[in-house]
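**Student:** Need a 3D model of the following:
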Amino acid sequence: MANHVSALKRARQTETRTEVNRASRSRVRSSLRALREALAKGDPKAAQTQYRATVSVLDKSVQKGVLHANTASRYKARLNARLKALATAKA
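**Tutor:** Numbering: from 1, shown residues only. Modelled structure (predicted):
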């Protein structure tokens, strides 16, 4: 356990940041799940709307330092490829 005042403060800050990061990571996962479900249903319009929301959540998580920029970019590229495949299959 921390004994110094600065170490105690650091422990408090760590707890706060952990909660913020956990909430952000949860938001990302929920959004990804919602998009995958929209893609599975096969509705391009709904999937496109959810894709925009998911990209926004991913970008915000990168900004906050929860995800690495390349990780978010990889997610976006793969999801966009699935979205395009769905759109061309329906057309």
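**Student:** From now on I want contacts and neighbour counts done on CA atoms only, so please keep to that.
**Tutor:** Noted.
**Student:** And the residue most central in space within the chain, what's its pLDDT?
**Tutor:** Using C-alpha atoms, centre = their mean, the residue of the chain that lies closest to the mean C-alpha position is Val28, 2.6 Å off. At Val28, the pLDDT value in this model is 97.
**Student:** so it sits right up against Asp59, yeah?
**Tutor:** No: counting by C-alpha atoms under 8 Å, Val28 does not reach Asp59; the two are 9.7 Å apart.
**Student:** follow-up on the earlier one: how about the contacts made by the residue nearest to the centre of the chain?
**Tutor:** When contacts are counted by C-alpha atoms under 8 Å, 6 or more residues apart in numbering, Val28 touches 54, 57-58, 61.
**Student:** Beyond the longest helix anywhere in the chain, next helix or strand please.
**Tutor:** Using DSSP state H to define each element, the chain has its longest helix at helix 5-41. Beyond helix 5-41 on the C-terminal side, the first helix or strand identified by DSSP states H and E is helix 44-63.
**Student:** For the helix or strand that that next one is followed by, buried residues please.
**Tutor:** Counting by DSSP H and E, the next helix or strand C-terminal to helix 44-63 is helix 69-90. By neighbour count on 16 or more other C-alpha atoms under 10 Å, the buried set for helix 69-90 is 72, 76, 79-80, 82-83, 86-87.
**Student:** and which of the residues you listed is nearest Arg36?
**Tutor:** Among the buried residues of helix 69-90, Leu79 lies closest to Arg36 (C-alpha to C-alpha), at 8.3 Å.
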